[in-house]
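Q: Build me a model from this:
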Amino acid sequence: MTTKTDAPKASPTIESRDQLIASFARGEKPAAAWRIGTEHEKFVYALGDHHAPSYDEPGGIRDLLGELEQHGWRPVEETTDDGTNVIAMAGTDGSISLEPAGQFELSGAPLENLHQTCAETGRHLDQVKAAGEKLGIGFLGLGMWPDKTRAELPVMPKGRYAIMRGHMPRVGSLGLDMMLRTCTIQVNLDYASEADMAKKFRVGLALQPLATALFANSPFTEGKPNGMLSFRSHIWSDTDPHRTGMLPFVFEDGFGYERYADYALDVPMYFVYRDGRYIDAAGLSFRDFLRGELSVLPGEKPTLDDWTDHLSTAFPEVRLKTFLEMRGADGGPWSRICALPALWVGLLYDGGALDAAWDLVKGWSLDERQTLRDAVPRLALDAPIADGGRLRDIAGEVLDIAHAGLAARARGSGAGDDETGFLDPLREIVRTGKVPAERLLERYHGVWNGDVSKVYAEESF
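A: Residues are numbered from 1 along each chain as shown. Coordinates of the predicted model:
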């Protein structure tokens, strides 16, 4: 989730809805300037007993952040009623932030190609593993804590999380699980124009269930199989209906910046950030804020920073800011952290690939798209698609389209390799027909003999 890592600057006051719409147009870039921003989270655990370290304990999350200063990261502090704490790190590789229960996230820098992205991930993992060796902590690559109850997990001292924890149970039964017990990989990508954004948004939404299936990696809850292959994805179905989902309006004629702005205006607020602190505005209306009628800040109108913060509190399968976020994948190992941006860059950053991907999904109805989304957490590649088929029936074709898109980009490494090799982990999943969660369940019922703790040895970075 978004963490403020820069010193506050003056932000323009918003006087009209038109300014909100224009904020999306400011994200437009020519294709030569398109970049790749990859974000990935991992669980932190103590090597001795696998507990999730608290912020304050010796060798805990605060100490982990501190260890990273020797690698050139600089601390970012936040003040709450409980004091001032380091809650993130900023550096040339982007930013490191804390999810609500201490999940460790790298929000990578905007990079030109997948070779750079994968190298950035490798640097980050080397740094945190070196810090972990000093502190006696490890890092687990899954989509959901396999063995922890909510009560067993710590809470990080971040102001926005306190507000969200109070509001989540009012609007859904699984929102706290989303905050405390999940990890994801996502990629942020650019667009050239409003029409380009709309086409990429539609392809991203329609094929997001395929990403969820290929990366499904969360089959355990509190030490037992939970009946899902991606429980992380299932959690979003009962988190908050006002800010999640497949956004059917994206497929309507005329979809663009204005329609997404109207959607975002109708998403209830969480907070307003003022003078270094978060003000609770949970459930209030940004439309009221735009009129100067927000009850917690009477007479005050929002700034562009307030709008940016608000956009970060909507959680659809694809999210628009000044770039598009692909949000469907469970957390996993280094190879799949590199594979997710490869999938979406291949599909969305080459015109021929984007056209081919759209041709594949444009005939799906609203009901067919929703049925697929609803089935994927449990069935993964066996989820139903249009015409009576299954998701696995098109998975290879989608990877072929992504491969062609990456080949057309022709972005080579120093060794002369192009970007297509980053799809190999996904090719293997399609070849075997088994998603990561299914392999975990095989081991649980086989060599692990029902002992989920074996996952720490096998799935840690």
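Q: Please count neighbours and contacts with C-alpha atoms only from this point.
A: Noted.
Q: which residues does the residue lying farthest from the centre of the chain contact?
A: Centroid-distance maximum for the chain: Gly299 at 34.8 Å, with C-alpha atoms, centre = their mean. Neighbouring residues of Gly299 by C-alpha atoms under 8 Å, 6 or more residues apart in numbering: Gly292, Glu293.
Q: let's go with 10 Å and repeat that
A: Contact analysis of Gly299 by C-alpha atoms under 10 Å, 6 or more residues apart in numbering lists Phe289, Leu290, Arg291, Gly292, Glu293.
Q: Tell me the secondary structure of the nearest residue to Ala88 once chain neighbours are set aside, please.
A: The shortest distance from Ala88 to any non-neighbouring residue, by C-alpha to C-alpha, 6 or more residues apart in numbering, is to Ser97 (4.5 Å). Classification of Ser97 using DSSP: H, G, I helix; E, B strand; the rest coil returns strand.
Q: Show me what Ser97 is bridged to.
A: Ala88, Glu105 (DSSP bridges).
Q: Report how many residues lie close to it.
A: 25 (other C-alpha atoms under 10 Å).
Q: and if you look at Ile137?
A: Neighbours of Ile137 using other C-alpha under 10 Å come to 25.
Q: Quick check: beta-bridge partners of it?
A: Assigned bridge partners for Ile137, using DSSP bridges, are Ala46.
Q: How far away from the center of its chain is stretch 228-241?
A: 13 Å (C-alpha atoms, centre = their mean, to the nearest Å).
Q: buried sites along that stretch?
A: Under the neighbour-count criterion of 16 or more other C-alpha atoms under 10 Å, stretch 228-241 has Met228, Leu229, Ser230, Phe231, Arg232, Ser233, His234, Ile235, Trp236, Ser237, Thr239, Asp240 buried.
Q: next one: stretch 404-415
A: Ala404, Gly405, Leu406, Ala407, Ala408, Arg409, Arg411.
Q: Next, count neighbours for the residue lying closest to Glu112 once chain neighbours are set aside.
A: Leaving aside its chain neighbours, Glu112 sits nearest to Arg35 (5.1 Å; criterion: C-alpha to C-alpha, 6+ apart). Per other C-alpha under 10 Å, the neighbour tally for Arg35 reads 21.
Q: what stretches of the stretch 1-150 of the chain score poorly on pLDDT?
A: 1-9 (pLDDT under 70).
Q: So which residues of the stretch 1-150 of the chain form helices?
A: 17-25, 61-67, 114-135 (DSSP state H, counting those that start in this stretch).
Q: Show me what stretch 10-27 is in contact with.
A: 190-194, 197, 256-262, 264-265, 287, 289-292, 300-308, 320-324.
Q: Just the ones of those in helices?
A: 194, 197, 257-262, 264-265, 287, 289-290, 304-308 (DSSP state H).
Q: one step back: pLDDT wise, what is the residue farthest from the centre of the chain at?
A: pLDDT recorded at Gly299 is 97.
Q: What backbone torsions are found at it?
A: Dihedral pair for Gly299: phi 80, psi -10, per degrees, to the nearest 10.
Q: ok, of the contacts of stretch 10-27, which come out buried?
A: 190-194, 197, 256-258, 260-261, 264-265, 287, 289-292, 301-307, 320-324.
Q: Can you lay out the buried residues of stretch 404-415 as CSV showing pLDDT?
A: Formatted as CSV, the buried residues of stretch 404-415 follow (pLDDT from 0 to 100):
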residue, pLDDT
Ala404, 98
Gly405, 98
Leu406, 98
Ala407, 98
Ala408, 98
Arg409, 97
Arg411, 97
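Q: Among those, which one sits closest to Gly388?
A: Nearest to Gly388 among the buried residues of stretch 404-415, counting by C-alpha to C-alpha, is Ala404 at 27.0 Å.
Q: And what about that closest one, helix, strand or coil?
A: Strictly by three-state DSSP, Ala404 counts as helix.
Q: Ala335: what's it in contact with?
A: Careful, residue 335 is Ser; it's not Ala. Cys118, Thr121, Gly122, Phe422, Leu423, Asp424, Pro425, Leu426.
Q: For it, pull up the helix or strand it's in.
A: helix 334-348 (DSSP states H and E).
Q: chain center to that helix, what's the gap?
A: Distance, centroid of helix 334-348 to centroid of chain: 13 Å (C-alpha atoms, centre = their mean).
Q: And stretch 44-57, by the same measure?
A: How far stretch 44-57 lies from its chain's middle: 23 Å, per C-alpha atoms, centre = their mean.
Q: so what's the nearest residue to Arg392 once chain neighbours are set aside up against?
A: Using C-alpha to C-alpha, 6+ apart and skipping residues adjacent in sequence, the residue nearest Arg392 is Leu381, 4.7 Å away. By C-alpha under 10 Å, 6+ apart, the residues touching Leu381 are 209-214, 216, 375, 390-395, 429-430, 433-435.
Q: Was I right to think Leu423 contacts Gly396?
A: No - applying C-alpha atoms under 10 Å, one finds Leu423 not in contact with Gly396, separated by 11.1 Å.
Q: Correct me if wrong: Arg243 contacts Tyr270.
A: No - judged on C-alpha under 10 Å, Arg243 makes no contact with Tyr270 at a distance of 11.1 Å.
Q: show me where pLDDT drops low in the stretch 251-400 of the chain?
A: Along the stretch 251-400 of the chain, segments meeting pLDDT under 70 are nowhere present.
Q: got the residue ranges for the strands in it?
A: 271-274, 277-280, 315-316, 318-320, 324-330 (DSSP state E, counting those that start in this stretch).
Q: could you dump those strands to JSON lines with distance to Val171?
A: Formatted as JSON lines, the strands of the stretch 251-400 of the chain follow (distance: least, C-alpha to C-alpha, whole Å):
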{"stretch": "strand 271-274", "distance to Val171": "16"}
{"stretch": "strand 277-280", "distance to Val171": "16"}
{"stretch": "strand 315-316", "distance to Val171": "14"}
{"stretch": "strand 318-320", "distance to Val171": "20"}
{"stretch": "strand 324-330", "distance to Val171": "21"}
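Q: Deepest-packed of those, please.
A: strand 324-330 (a mean of 26; mean count of other C-alpha atoms under 10 Å).
Q: and the helices of the stretch 1-150 of the chain as TSV, adding mean neighbour count and distance to Ala314?
A: Below are the helices of the stretch 1-150 of the chain laid out as TSV (neighbours: other C-alpha atoms under 10 Å; distance: least, C-alpha to C-alpha, whole Å):
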stretch	mean neighbour count	distance to Ala314
helix 17-25	17	15
helix 61-67	20	27
helix 114-135	18	26
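Q: In TSV: those, plus distance to Asp147.
A: Formatted as TSV, these follow (distance: least, C-alpha to C-alpha, whole Å):
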stretch	distance to Asp147
helix 17-25	41
helix 61-67	20
helix 114-135	21
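Q: how about those helices, which one is nearest Thr80?
A: Thr80 lies closest, by C-alpha to C-alpha, to one member of these: helix 61-67, at 15.6 Å.
Q: ok now the closest one, how far from the chain's centre?
A: Taking mean C-alpha positions (C-alpha atoms, centre = their mean), helix 61-67 and its chain are 23 Å apart.
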